[in-house]
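Q: could you work out the structure for the sequence below:
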Amino acid sequence: MNLEGTTLALRATVAGGLIAAFWLSKPLWLSSRIYPFTPVWTFWHPMPPPWDRVVFAAMLLSLVAIAVTPRATHAIWAFVLLAATLALADQSRWQPWFYQYVFMLLALACGRGGRSGAMDTCRLIVVSTYFWSGVQKINGSFLKDTFQTMVAPLAGAHPVLHPFLFALGAGAPAIEIAIALGLLARRTRNGAVLLAMAMHLFVLLAIGPLGANINSVVWPWNVAMICLVPTLFWNTANSARDVLWTPRFAFQRIVLVLFTMAPLLSLCNLWDAYLSAALYSSNKNSATIRISDALADRLPEDVQEHVTVGTGPGKEDELDVDEWSFADLHVPPYPEIRVFRSVTKWVCGFAHDPSEVTLVIERRKGLLPDRGRTTWSCQDLAR
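A: Alright, predicted model coming up:
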């Protein structure tokens, strides 16, 4: 496939993946929801109805134009402007697939749709995503928690697969890192493409409707990657140096910093987990909001559904932030402390006494010593 054909295929795949993901997570992008917003700046308010639906429809239309028009530079910039407006209004929208897709489209726009530097920049995004996704999974919780949840239906239906699934889970970090390094080298590139496609097919089988049937918003991302990886890498002659450093293509330097270098900071809790390919790593911050019985009764009914009533003396009720986010937004919560604090402040708005609410955060494990579990009261959050 020539450069123009590759560009058209890439644009269509990314745009299609975004349209599907946006539709599956539609409540995330609209303003008529209960789950609180966390804007980048306090003055940047969510788009009020009905303009939120107008902007959402305009984003989808711009993606259609990106997919079908021969020259889509203007459509890409229109989409990026609309997407940035919404992303600044709520950090929960910074999902890993959204981050990856937006920067791939930006690479194509900066390359005017036809420069090889744009293609190599997209290749760098893919390679970096696989590499850091593998690194993030090097922890004791991935195999025990996340992978077990993913393959539970397969393991239950086919006990004979237990040894294979255990080996696959234990080897998952090495597999993803091997894919990343294999895609860089010309000799191993095609083999890495096949391995990547097989991995995404397995993930779809494990978490899709035939398996655990969870987190449907990442199903189209896995489908898109099955198309993107061969489009970008199959039988290509580009060297590893081209992928990492194309001369005279400045946007690639930005991608090199954000996708290849900055995730290293996440290992010291200095860069966001979701911007470091840590979605299914089991190594990210998690939050529970402890509340009194009286406060639980004051919450909206849709939120009360996600409250677990405490049993026994001194036991408080608990609001499950993960469950609430999935139910209201159709995506996992953005796992950063600033977002959890923002969500808890909203809950504090229903409290008659600051002691009725306690935010408990289990911090992700990094290379540097951390404080592990941290708690905040409403008074702490107000400071």
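Q: in the stretch 1-150 of the chain, where is pLDDT below threshold?
A: 1, 112-114 (pLDDT under 70).
Q: now the helices for the stretch 1-150 of the chain?
A: Secondary structure of the stretch 1-150 of the chain (DSSP state H, counting those that start in this stretch): helices located at 3-24, 26-29, 51-68, 73-89, 96-110, 116-136, 140-141, 148-157.
Q: could you dump the ones you listed to CSV with distance to Trp44?
A: Quick note: C-beta positions are derived from backbone N, CA and C, even for glycine. Below are those laid out as CSV (distance: least, C-beta to C-beta, whole Å):
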stretch, distance to Trp44
helix 3-24, 20
helix 26-29, 15
helix 51-68, 14
helix 73-89, 5
helix 96-110, 17
helix 116-136, 26
helix 140-141, 35
helix 148-157, 35
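Q: where does the stretch 251-383 of the chain dip in pLDDT?
A: 312-314, 366-371.
Q: hang on, the earlier thing: now the helices of the stretch 1-150 of the chain as JSON lines including distance to Leu205 and mean neighbour count?
A: Shown next, in JSON lines, are the helices of the stretch 1-150 of the chain (distance: least, C-beta to C-beta, whole Å; neighbours: other C-beta atoms under 10 Å):
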{"stretch": "helix 3-24", "distance to Leu205": "18", "mean neighbour count": "19"}
{"stretch": "helix 26-29", "distance to Leu205": "26", "mean neighbour count": "19"}
{"stretch": "helix 51-68", "distance to Leu205": "27", "mean neighbour count": "17"}
{"stretch": "helix 73-89", "distance to Leu205": "31", "mean neighbour count": "18"}
{"stretch": "helix 96-110", "distance to Leu205": "19", "mean neighbour count": "23"}
{"stretch": "helix 116-136", "distance to Leu205": "18", "mean neighbour count": "24"}
{"stretch": "helix 140-141", "distance to Leu205": "23", "mean neighbour count": "12"}
{"stretch": "helix 148-157", "distance to Leu205": "7", "mean neighbour count": "16"}
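Q: now for those, which one comes closest to Leu228?
A: Closest approach to Leu228 among the helices of the stretch 1-150 of the chain (C-beta to C-beta): helix 3-24, 5.5 Å.
Q: ok, back up a step: closest one to Asp297 among the helices of the stretch 1-150 of the chain?
A: Taking the helices of the stretch 1-150 of the chain one by one with C-beta to C-beta, helix 26-29 is closest: 24.8 Å.
Q: now do the closest one: which elements does it pack against?
A: helix 51-68, helix 321-329 (3 or more C-beta pairs under 8 Å, 6 or more residues apart in numbering; DSSP states H and E).
Q: I'd like those helices as JSON lines, with distance to Ile207 appended.
A: Shown next, in JSON lines, are these (distance: least, C-beta to C-beta, whole Å):
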{"stretch": "helix 51-68", "distance to Ile207": "24"}
{"stretch": "helix 321-329", "distance to Ile207": "13"}
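Q: out of these, which is closest to Ala83?
A: It's helix 51-68; of these, that one is closest to Ala83 (C-beta to C-beta) at 6.3 Å.
Q: coming back round to it: who wins for proximity to Asn190 among the helices and strands packed on helix 26-29?
A: helix 51-68 (26.8 Å).
Q: quick one: contacts of the closest one?
A: With C-beta atoms under 8 Å, 6 or more residues apart in numbering as the test, helix 51-68 has contacts from 11-12, 14-16, 18-19, 22-23, 26, 29-32, 46-47, 72, 75-76, 78-79, 82-83, 85-86, 105.
Q: wait, Phe259 touches Leu124, no?
A: Yes: applying C-beta atoms under 8 Å as the test, Phe259 and Leu124 come out as touching, 6.7 Å apart.
Q: what residues are up against the residue most central in space within the chain?
A: By C-alpha atoms, centre = their mean, the mean C-alpha position of the chain lies nearest to Pro96, the distance being 2.5 Å. Counting by C-beta under 8 Å, 6+ apart, Pro96 touches Thr129, Tyr274, Leu275, Ala277, Leu279.
Q: narrow these to those that are buried.
A: Neighbour-count burial (16 or more other C-beta atoms under 10 Å) applied to these gives Thr129, Tyr274, Leu275, Ala277, Leu279.
Q: mind putting those residues into CSV with distance to Leu204?
A: Formatted as CSV, the entries for these read as follows, by distance: C-beta to C-beta, whole Å:
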residue, distance to Leu204
Thr129, 17
Tyr274, 21
Leu275, 24
Ala277, 18
Leu279, 15
